[in-house]
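Engineer: Only the shape, not the letters, is given here:
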């Protein structure tokens, strides 16, 4: 969708500006690289996650995610179970792709899910969307791919993926429980 490309543009913009400066001979290639080299691996990872979200949308993964949060037996259709499912799916997926990508992808699905399950009360919608927002930030802390900040911490501290997950699993689990 359009939003995937807008989000992608935010991450690509510094690299394109550097290329434009070189093309216009305002900066040398070395000067342009120096301007972005500190965060180059972060930028590449973010670009990759944005492309990943676009591929998910193109390959019709969105309906699968919608079914994940809305389908199931009648006992799973209660407001509390729906809220828990949305929160859990949000934490897990926001850890894999950046939390802002997740919110762009999932907020419309959550609103559709609320309508499908006939939770049309504005208070339900607001509370559930707040859960998406807070859960996506909590989930983004679990893995280095969850947000630019976690990626920078991961890269600058030269952690392994397993170490990062080990250090963050406890705080993220506690935050999830408190958030619910």
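Structural biologist: Here it is on my side, so go on. Treat the numbers as computed from the prediction; the structure is a model and nothing was measured.
Engineer: Going by C-alpha atoms from here, please, whenever you check contacts or count neighbours.
Structural biologist: Fine.
Engineer: Contacts only, for the residue of the chain positioned farthest from its centre.
Structural biologist: Distance from the C-alpha centroid of the chain, by Cα atoms, centre = their mean, peaks at residue 25 (36.3 Å). Contacts for residue 25 (Cα atoms under 8 Å, 6 or more residues apart in numbering) come out as none.
Engineer: Specify the local secondary structure of it.
Structural biologist: At residue 25, secondary structure determined by DSSP: H, G, I helix; E, B strand; the rest coil is coil.
Engineer: how close does it get to residue 31?
Structural biologist: Distance of residue 25 to residue 31, given as Cα to Cα, to the nearest Å: 11 Å.
Engineer: One more: residue 67?
Structural biologist: 49 Å.
Engineer: now do residue 157
Structural biologist: Taking Cα to Cα as the measure, residue 157 falls 26 Å from residue 31.
Engineer: With residue 64 instead?
Structural biologist: In terms of Cα to Cα, residue 64 sits 46 Å off from residue 31.
Engineer: Looking at those two, which is more packed in?
Structural biologist: Legend: neighbour count by other Cα atoms under 10 Å for residue 64 and residue 31, higher for residue 31 (14 against 11).
Engineer: Give me the mean pLDDT for stretch 91-105.
Structural biologist: Stretch 91-105 comes out with an average pLDDT of 77.
Engineer: likewise stretch 111-126?
Structural biologist: In the prediction, stretch 111-126 has an average pLDDT of 76.
Engineer: got a list of contacts for it?
Structural biologist: Defining contact as Cα under 8 Å, 6+ apart, one finds that stretch 111-126 is touched by 66, 69-70, 77, 79.
Engineer: quick one: the residue farthest from the centre of the chain from residue 136, how far?
Structural biologist: For residue 25 relative to residue 136 (Cα to Cα), the value is 42 Å.
Engineer: element containing residue 20?
Structural biologist: In this assignment (DSSP states H and E), residue 20 forms part of helix 2-23.
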